[in-house]
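A.B. asks: no sequence for this one, just the structure:
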């Protein structure tokens with residue numbers, strides 16, 4: 001039997017079926033070698049792992065299993081099966097990622113990328129949006145395949161790592177395995193499909209530019225549910241796609257992509273997985289396809305550190321500096337600058353500029369909350385309702401922009417102007433968009449560093465060395481300054497050495513025995529008695545005088561003048577004279 005998946009709908013169908021058997025049945029003693037009959041249990045895997053850690057080879061372990069069971073024919077797996085215990089799925093997330101998720105984990109986006117490691121394992125990056133509207137990473141996973149089981153395992157590990165906190169909203173590309181896994185692990189989260197992938201699929205399945213344009217408006221336009229339904233009917237009739245299977249399936253999923261049905265659910269302004277694609281592009285600058293697992297994790301962390309450095313820079317720009325005021329509502333604009341980060345303030349100011357385009361045409365304060373009816377300039381058919389609880393000072397609008405994006409809409413700001421408010425109410429400042437979004441965590445952490453002590457020490461040493469270089473550049477310009485600061489540094493160094501119980505650096509430099517690692521002791525060699533002395537090499541043999549044969553001097557300094565050669569030297573001299581006579585005769 002052969003099955004295939006239908007493009008677009010994701011459904012499976014049988015493409016070929018052969019009723020009769022197409023091969024010979026296996027012999028009885030060979031049946032156990034069939035893949036369907038071979039199995040290895042968790043207990044055996046644990047035992048195999050323990051024996052491998054002790055350095056026992058696979059064939060020996062296989063013999064051990066056969067001895068325990070009473071024969072090789074009773075072992076339910078082969079030696080080849082024992083070699084296949086490889087890494088399948090991997091998930092990791094550091095402390096900074098978990099802190100970010102605790103604050104910004106209301107919206108979660110993830111997608112898979114390929115070709116980032118030499119095993120071609122899909123890499124799944126879980127990301128979100130921080131208070132600067134910048135992509136931040138919550139966790140990463142390597143999976144053996146994009147199957148339903150793999151995604152369920154990964155999401156379970158993600159949920160456990162994040163202390164059981166599930167996201168409110170999830171954005172993916174619409175993969176069927178992802179959709180099932182999200183419904184299983186995050187049943188209360190609202191799943192949104194990527195708008196970019198839907199537009200691409202519409203082009204591939206319909207191939208009509210007019211349909212793609214109308215579908216884009218139908219998906220992204222801010223309209224009521226009744227308007228959406230009417231527009232959808234007009235679109236399918238005009239384009240003649242009512243009976244297309246892909247269009248029918250798309251309509252059943254309208255709660256996952258149509259703005260009319262998503263309004264009021266918080267997605268932090270994220271409509272597509274383009275942030276994931278952008279993150280994958282940045283990832284290509286740090287990792288290569290030849291990297292193994294360990295190299296990938298290390299270099300991926302460099303990419304995450306790069307994003308965090310950008311976040312720190314944006315924090316600085318948000319906290320320091322004063323913007324140029326551009327509206328006539330000076331107090332409200334200043335209040336927004338003190339509350340929001342720089343990026344979100346720019347969006348808030350745009351709404352404040354446009355609040356003059358609407359006017360309040362009705363006002364009802366007979367009951368709590370007070371009701372305001374607003375209309376757009378020269379468009380009386382476009383109206384909205386704004387409600388204000390004068391006790392708690394909370395606002396709500398029929399456009400639900402505040403609930404969807406976390407930024408006060410034009411209509412609410414228009415009411416604030418009408419009320420002559422000098423600062424934006426706290427209920428209109430979502431904490432995740434504020435400057436103080438991560439302030440509480442920073443105060444709890446204080447100056448503590450989660451890095452290893454050795455890494456922290458090297459980092460501090462490098463930074464302090466740069467400061468010393470900067471001081472040395474100016475302190476060495478005159479002899480007076482050089483002596484002054486040299487003495488001051490020496491006294492401070494001596495004070496700290498006494499404080500921490502350290503010896504002076506000069507002593508450490510001159511004493512070899514104080515080093516952490518000493519030279520190895522010479523190993524005794526075999527077969528030579530003179531080299532068997534411990535602690536060093538054998539003493540050198542002193543040379544004898546070639547003239548008199550005594551120790552302590554050479555022939556050139558022999559007290560006898562070196563005139564009387566030794567018997568051995570006499571023989572050598574006679575041999576040389578004989579050779580000379582032979583050469584002359586020849």
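C.D. replies: Good, I have the coordinates. Quick caveat: nothing in here was measured; it's all calculated off a predicted structure.
A.B. asks: Have a look at the protein and report its longest strand.
C.D. replies: strand 379-389 (DSSP state E).
A.B. asks: quick one: low-confidence parts of the stretch 301-450 of the chain?
C.D. replies: The stretch 301-450 of the chain contains residues with pLDDT under 70 at 440-450.
A.B. asks: So which residues of it form strands?
C.D. replies: Per DSSP state E, counting those that start in this stretch, the stretch 301-450 of the chain carries strands over the ranges 358-364, 370-376, 379-389, 394-397.
A.B. asks: CSV for the ones you listed, including mean neighbour count?
C.D. replies: Heads up, the C-betas are built off the backbone N, CA and C, glycines and all. CSV is the format used below for these (neighbours: other C-beta atoms under 10 Å):
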stretch, mean neighbour count
strand 358-364, 14
strand 370-376, 18
strand 379-389, 15
strand 394-397, 19
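A.B. asks: okay, the ones you listed in JSON lines with distance to residue 305 next?
C.D. replies: Shown next, in JSON lines, are the strands of the stretch 301-450 of the chain (distance: least, C-beta to C-beta, whole Å):
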{"stretch": "strand 358-364", "distance to residue 305": "45"}
{"stretch": "strand 370-376", "distance to residue 305": "47"}
{"stretch": "strand 379-389", "distance to residue 305": "44"}
{"stretch": "strand 394-397", "distance to residue 305": "40"}
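A.B. asks: which one of the ones you listed lies closest to residue 42?
C.D. replies: Nearest to residue 42 among the strands of the stretch 301-450 of the chain is strand 394-397 (54.4 Å), distances taken as C-beta to C-beta.
A.B. asks: gap between residue 211 and residue 244?
C.D. replies: Relative to residue 244, residue 211 is positioned 10 Å away (criterion: C-beta to C-beta, to the nearest Å).
A.B. asks: More neighbours: those two, which one.
C.D. replies: Using other C-beta atoms under 10 Å as the criterion, residue 211 and residue 244 rank with residue 211 on top: 22 against 16.
A.B. asks: Secondary structure of that one: a helix, I assume?
C.D. replies: Yes: assigned with DSSP: H, G, I helix; E, B strand; the rest coil, residue 211 falls within a helix.
A.B. asks: so which strand or helix has residue 136?
C.D. replies: In this structure, residue 136 is located in strand 135-142 according to DSSP states H and E.
A.B. asks: Please enumerate the strands of the protein.
C.D. replies: Taking DSSP E to define them, one finds strands in the chain at 2-5, 12-16, 90-92, 107-113, 123-129, 135-142, 169-172, 190-193, 358-364, 370-376, 379-389, 394-397.
A.B. asks: now these in JSON lines, with distance to residue 550?
C.D. replies: Formatted as JSON lines, these follow (distance: least, C-beta to C-beta, whole Å):
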{"stretch": "strand 2-5", "distance to residue 550": "101"}
{"stretch": "strand 12-16", "distance to residue 550": "103"}
{"stretch": "strand 90-92", "distance to residue 550": "78"}
{"stretch": "strand 107-113", "distance to residue 550": "85"}
{"stretch": "strand 123-129", "distance to residue 550": "82"}
{"stretch": "strand 135-142", "distance to residue 550": "79"}
{"stretch": "strand 169-172", "distance to residue 550": "96"}
{"stretch": "strand 190-193", "distance to residue 550": "102"}
{"stretch": "strand 358-364", "distance to residue 550": "119"}
{"stretch": "strand 370-376", "distance to residue 550": "121"}
{"stretch": "strand 379-389", "distance to residue 550": "117"}
{"stretch": "strand 394-397", "distance to residue 550": "113"}
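A.B. asks: Nearest approach to residue 306 belongs to which of the strands of the stretch 301-450 of the chain?
C.D. replies: With C-beta to C-beta as the measure, strand 394-397 is the member of those nearest residue 306 (38.7 Å).
A.B. asks: Residues in contact with the closest one: which ones?
C.D. replies: 369, 384-389, 402-403, 408-409, 411-412, 415, 425, 427-428 (C-beta atoms under 8 Å, 6 or more residues apart in numbering).
A.B. asks: now the strand holding residue 136: mean pLDDT?
C.D. replies: In this model, strand 135-142 carries a mean pLDDT of 91.
A.B. asks: Could you do stretch 172-183 as well?
C.D. replies: 89.
A.B. asks: So what touches that stretch?
C.D. replies: Here stretch 172-183 has contacts from 10, 109-112, 146-148, 150-152, 154-155, 170, 189, 191-194, 197-198, 273, using C-beta under 8 Å, 6+ apart.
A.B. asks: so what's residue 69 up against?
C.D. replies: Residue 69 neighbours (C-beta under 8 Å, 6+ apart): residue 75.
A.B. asks: residue contacts, residue 259?
C.D. replies: Counting by C-beta under 8 Å, 6+ apart, residue 259 has contacts 219-223.
A.B. asks: neighbour-wise, which of the residues you listed leads?
C.D. replies: Most neighbours among those, by other C-beta under 10 Å: residue 219, with 21 neighbours.
A.B. asks: What's the separation between it and residue 261?
C.D. replies: In this view, residue 219 and residue 261 are 11 Å apart by C-beta to C-beta.
A.B. asks: Also residue 321?
C.D. replies: As judged by C-beta to C-beta, residue 321 and residue 261 stand 41 Å apart.
A.B. asks: Could you check which of those two is surrounded by more residues?
C.D. replies: Higher neighbour count among residue 321 and residue 261: residue 261, with 14 against 9, using other C-beta under 10 Å.
A.B. asks: okay, now the nearest residue to that one once chain neighbours are set aside: neighbour count?
C.D. replies: Nearest residue to residue 261 in three dimensions, chain neighbours excluded: residue 255, at 4.8 Å (C-beta to C-beta, 6 or more residues apart in numbering). Per other C-beta under 10 Å, the neighbour tally for residue 255 reads 14.
A.B. asks: Give me the distance between residue 255 and residue 395.
C.D. replies: According to C-beta to C-beta, residue 255 and residue 395 sit 27 Å apart.
A.B. asks: Check residue 246 too.
C.D. replies: Where residue 395 is concerned, residue 246 sits at a distance of 42 Å (C-beta to C-beta).
A.B. asks: Then residue 63?
C.D. replies: Going from residue 63 to residue 395 by C-beta to C-beta gives 77 Å.
A.B. asks: tell me the contacts of residue 101?
C.D. replies: Residue 101 makes contact with 128, 138-139, 162, 165, according to C-beta under 8 Å, 6+ apart.
A.B. asks: let's see it at 10 Å
C.D. replies: 93, 108, 126, 128, 136-139, 158, 161-163, 165, 167 (C-beta atoms under 10 Å, 6 or more residues apart in numbering).
A.B. asks: and the longest strand of the chain, what other elements does it pack with?
C.D. replies: Using 3 or more C-beta pairs under 10 Å, 6 or more residues apart in numbering; DSSP states H and E as the contact test, the elements touching strand 379-389 are strand 358-364, strand 370-376, strand 394-397, helix 410-418.
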